[in-house]
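[1] Turn this into a structure:
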Amino acid sequence: MEKNILMTLKKLIMILKKYFNLTCNSPWSCHGVTLFLSFPRKRESSFFGNSWIPAPRLNISRTSFAEPAPDLIRGMTDDLRTFLRYPAVLPRGASLVAAIFTIFFLLPSPSSGVQFSAGEGKDLVFNPNVALKASLLVPESDPALNLWRLRLGLDVKYRSQAKLEVAYEQRIRTNPGGNENVFAVLPPEMEAPYRLSQLDWSLAEKDGEYSYRHEIDRAFLALNLGRADLTFGRQAVGWGRGVIFSAVDVFSPFSPLEVDREWRRGVDAVRADLKISDRYSLDLVGAFGPEIDESAFLGRLRGYAGRLDGEFIFGRRARDLLYAVTLSGPLGGAEVHGELAFFDTPEEFSGGAFDRWDFAVAKSVLGASYTFKLGNGLSAWAEYHFSGFGFDNMSQAFRTLALEKNFRTRYLRGDTQILGKQALAFRWAYEFSDLLNASVSWIGSPTDGSGVVTPVLSSTFSDNLSTTLSAFFPYGAGWDGNGIPRSEYGSSPLTGFLQVNIYY
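    Below is the predicted model of the structure:
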């Protein structure tokens with residue numbers, strides 16, 4: 001394992017040395033590439049008038065280019081593609097581990113991060129940001145799944161009146177064994193709902209073993225007009241009070257077992273948040289797909305009464321009519337929350353809300369949280385989830401998922417987060433220090449008696465570096481003689497998970 005990692009490190013550094021003049025004392029010791037921006041000020045005419053504005057200049061330390069920039073980038077990309085073409089020749093995750101450390105040691109110093117302003121009163125603020133997430137998912141007795149995500153973002157703010165946000169992402173996913181995304185821990189590799197155009201393109205693919213894609217995941221303009229906030233473009237929209245499950249989060253919801261929830265996939269939407277009074281507001285969202293039946297037009301009326309806050313949600317989601325209420329508030333020393341939603345669907349479901357009205361599918365969440373006075377505070381969450389879109393029989397659920405396009409579309413869109421009708425979840429979390437956090441989660445299915453236990457250990461070394469180490473311990477009935485799962489979680493393998501996050 002160590003030999004393969006060292007060989008991979010050496011190959012990556014040789015590629016980088018080809019395009020950057022790195023000074024190396026040995027194959028494993030190189031002076032890093034330092035990029036930083038300086039801003040000599042000069043007088044220029046701009047959109048904001050004739051004023052002193054910073055003129056960005058790129059400085060490259062210990063680096064010189066042997067070719068014009070487009071040729072350099074094209075050549076380096078081709079070499080990296082060649083390098084990534086055969087990821088399966090290394091043991092589990094060796095290429096990923098080597099690449100993480102190579103990129104980390106070559107990253108610019110965090111102290112050279114950039115934020116700059118323009119205008120006499122620094123009214124216009126630019127905040128570029130870079131994030132690298134490297135994930136390794138290791139199922140028992142199966143080849144590992146790797147996912148690298150490089151995200152380049154830019155936030156531009158004009159006073160408190162306007163904000164422009166853009167995020168561009170590149171993803172490399174290696175899957176030598178062709179396995180599915182176990183437990184849906186990693187973000188799915190599929191089209192996102194509520195997008196006029198995906199703006200997600202393939203750079204390289206090989207028979208499901210690996211993919212190299214890039215995507216525009218954020219591109220929106222937000223305006224603050226006093227008592228109204230308007231947002232136009234590709235944005236993240238998240239609704240609901242649930243921590244693990246949700247009945248009303250209809251815009252690209254997370255999987256209950258998805259570990260990394262930092263970036264929700266963006267949807268193409270127009271959003272208006274109207275302040276009716278100090279206690280009440282109206283949130284209106286139009287999220288658009290290629291067709292009207294793939295779009296959503298929803299409203300959310302929010303209000304407060306004492307220490308309770310609630311919401312009433314109404315409108316159309318795809319071909320369904322949606323009516324929902326949420327409520328949260330304190331109870332003793334605990335926090336209690338609930339969600340109840342009814343979907344008036346064009347097709348009939350066995351999980352109808354009422355015996356005489358099988359077209360109204362119900363979903364609900366009931367949960368609570370409490371922090372025990374133990375050391376730094378032991379936090380606990382508990383939730384119950386019911387989904388009328390689910391099944392009482394798991395074999396039937398998996399057959400329907402495989403054979404019926406309408407149900408598969410609903411499942412992939414996130415209409416239901418579980419395949420069974422019911423689920424229970426508990427989570428305990430403890431912060432040992434600013435550096436180390438630990439948690440243990442359990443999700444169980446009363447429908448078939450299966451479940452999964454997930455311990456998580458998170459380390460935050462600085463604002464620029466963090467790691468997450470986790471494992472998934474499933475139990476329950478496995479596969480039947482026809483290769484069909486007999487339970488929701490029992491057929492999945494014991495799985496390990498490692499993620500390294502680098503921010504700049």
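
[2] sec struct for the most centrally placed residue in the chain, please.
    The centroid of the chain falls nearest to residue 263 when counting by CA atoms, centre = their mean (3.6 Å). Recorded secondary structure, residue 263: coil (DSSP: H, G, I helix; E, B strand; the rest coil).

[3] How about the contacts made by it?
    151, 167, 217, 236 (CB atoms under 8 Å, 6 or more residues apart in numbering). Any C-beta I mention is one placed from the backbone N, CA and C, and that applies to glycine too.

[4] Residue 214 too?
    Neighbours of residue 214 in contact, by CB under 8 Å, 6+ apart: 168, 169, 170, 171, 200, 201, 203.

[5] again, but for residue 164
    Counted by CB under 8 Å, 6+ apart, residue 164 has contacts 154, 155, 156, 157, 220, 221, 222.

[6] Quickly list what it is bridged to.
    Note on residue 164: beta-bridge partners by DSSP bridges are residue 156, residue 221.

[7] Same check on the one 4 residues further on?
    Beta bridges link residue 168 to residue 152, residue 216 when assigned by DSSP bridges.

[8] what number of residues lie near it?
    When neighbours are defined as other CB atoms under 10 Å, residue 168 has 16 of them.

[9] Likewise for residue 216?
    16.

[10] Show me the strands in the stretch 401-504 of the chain, by range?
    Using DSSP state E, counting those that start in this stretch, the strands of the stretch 401-504 of the chain run over 422-431, 436-444, 451-462, 465-475, 495-503.

[11] how about the CA coordinates for the fourth one, as CSV?
    What follows is the C-alpha trace of strand 465-475 in CSV, where atoms were taken according to Å, rounded to 0.1, in the frame of the first residue of the first chain:
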residue,chain,number,x,y,z
LEU,A,465,-8.4,22.0,6.7
SER,A,466,-10.9,19.4,8.2
THR,A,467,-11.4,15.6,8.0
THR,A,468,-14.3,13.3,8.5
LEU,A,469,-13.9,9.6,9.3
SER,A,470,-17.0,7.4,9.5
ALA,A,471,-18.2,3.8,9.2
PHE,A,472,-21.6,2.3,8.4
PHE,A,473,-22.6,-0.9,10.2
PRO,A,474,-25.8,-2.4,8.7
TYR,A,475,-27.9,-5.2,10.0
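
[12] Can you give the contact residues for it?
    104, 182-183, 185, 257, 259-260, 450-461, 489-503.

[13] Mind telling me what element residue 128 is part of?
    For residue 128, the host element (DSSP states H and E) is strand 124-139.

[14] Ok, residue 396 next?
    Here residue 396 is assigned to helix 394-403, by DSSP H and E.

[15] what comes up buried for that helix?
    Neighbour-count burial for helix 394-403 flags 394, 395, 397, 398, 400 (criterion: 16 or more other CB atoms under 10 Å).

[16] Now for residue 205, how many residues are close by?
    Neighbours of residue 205 using other CB under 10 Å come to 12.

[17] Which residues are in contact with the closest residue to it other than its chain neighbours?
    Leaving aside its chain neighbours, residue 205 sits nearest to residue 211 (5.1 Å; criterion: CB to CB, 6 or more residues apart in numbering). Residues counted as contacts of residue 211 (CB under 8 Å, 6+ apart) are 171, 172, 173, 189, 202, 204, 205.

[18] Over to residue 478?
    Residue 478 touches 485, 486, 487, 490, 491, counting by CB under 8 Å, 6+ apart.

[19] just the residues you listed now: which is nearest residue 374?
    residue 490 (33.0 Å; CB to CB).

[20] could you list every residue that touches that closest one?
    Here residue 490 is in contact with 448, 450, 474, 475, 476, 477, 478 (criterion: CB under 8 Å, 6+ apart).

[21] For it, which non-adjacent residue is spatially closest?
    residue 476 (2.6 Å).

[22] Would you mind giving both backbone torsions of that neighbour?
    phi 130, psi 180 (degrees, to the nearest 10).

[23] is it true that it touches residue 447?
    No - under the criterion of CB atoms under 8 Å, residue 476 is not in contact with residue 447, lying 10.4 Å apart.

[24] which neighbours do these two share?
    Going by CB under 8 Å, 6+ apart, residues that sit against residue 476 and also against residue 447 are residue 488.

[25] and the contacts of residue 164 as TSV, adding neighbour count?
    What follows is the contacts of residue 164, written out as TSV (neighbours: other CB atoms under 10 Å):
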residue	neighbour count
154	14
155	16
156	16
157	17
220	20
221	15
222	18
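
[26] Select, from the residues you listed, the two members most distant in space.
    Going by CB to CB, the pair spanning the contacts of residue 164 furthest: 154 and 222, at 13.9 Å.

[27] Mutual contacts of these two, please.
    164, 165.

[28] Quick check: the gap between residue 262 and residue 406.
    From residue 262 over to residue 406 the distance is 32 Å, taken as CB to CB, to the nearest Å.

[29] More neighbours: which of these two?
    When residue 262 and residue 406 are compared for neighbours, residue 406 comes out ahead with 12 against 9, by other CB under 10 Å.

[30] That one against residue 346, yeah?
    No - applying CB under 8 Å, one finds residue 406 not in contact with residue 346, separated by 9.4 Å.

[31] What is the neighbour count of residue 127?
    15.

[32] Skip the chain neighbours and tell me the closest residue to it.
    Spatial nearest neighbour of residue 127, chain neighbours left out: residue 155 (4.4 Å); criterion: CB to CB, 6+ apart.

[33] Format the contacts of residue 164 as CSV; extra columns: distance to residue 385.
    As requested, these are exported to CSV (distance: CB to CB, whole Å):
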residue, distance to residue 385
154, 37
155, 35
156, 39
157, 38
220, 31
221, 36
222, 32
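
[34] who are the neighbours in contact with residue 441?
    So residue 441 contacts 244, 425, 426, 427, 428, 453, 454, 455, 456 (CB under 8 Å, 6+ apart).

[35] let's see 10 Å
    Shown here is residue 441, whose contacts under the criterion CB atoms under 10 Å, 6 or more residues apart in numbering are 244, 256-257, 259, 381, 425-429, 452-456, 470, 472.

[36] one step back: my read is that the residue nearest to residue 490 contacts residue 446, right?
    No - the criterion here is CB atoms under 10 Å, and residue 476 misses it with residue 446 at 11.6 Å.

[37] okay, these two: which has more neighbours?
    residue 476 (20 against 14).

[38] Tell me the pLDDT of the more buried one.
    If you check residue 476, the pLDDT there is 96.

[39] isn't residue 268 right next to residue 218, touching?
    No - using CB under 10 Å, residue 268 makes no contact with residue 218, being 11.0 Å away.

[40] anything in contact with each of these two?
    233, 234, 235.

[41] What helix or strand is the second one located in?
    Put plainly, it is residue 234. Assigned by DSSP H and E, residue 234 falls in strand 228-235.

[42] so whichever helix or strand comes after that strand versus strand 228-235, what angle?
    Note on strand 228-235: by DSSP H and E, the next helix or strand toward the C-terminus is strand 267-275. Strand 267-275 and strand 228-235 are oriented at 170 degrees to each other (axes from the mean of the first three to the mean of the last three CA atoms, to 10 degrees).
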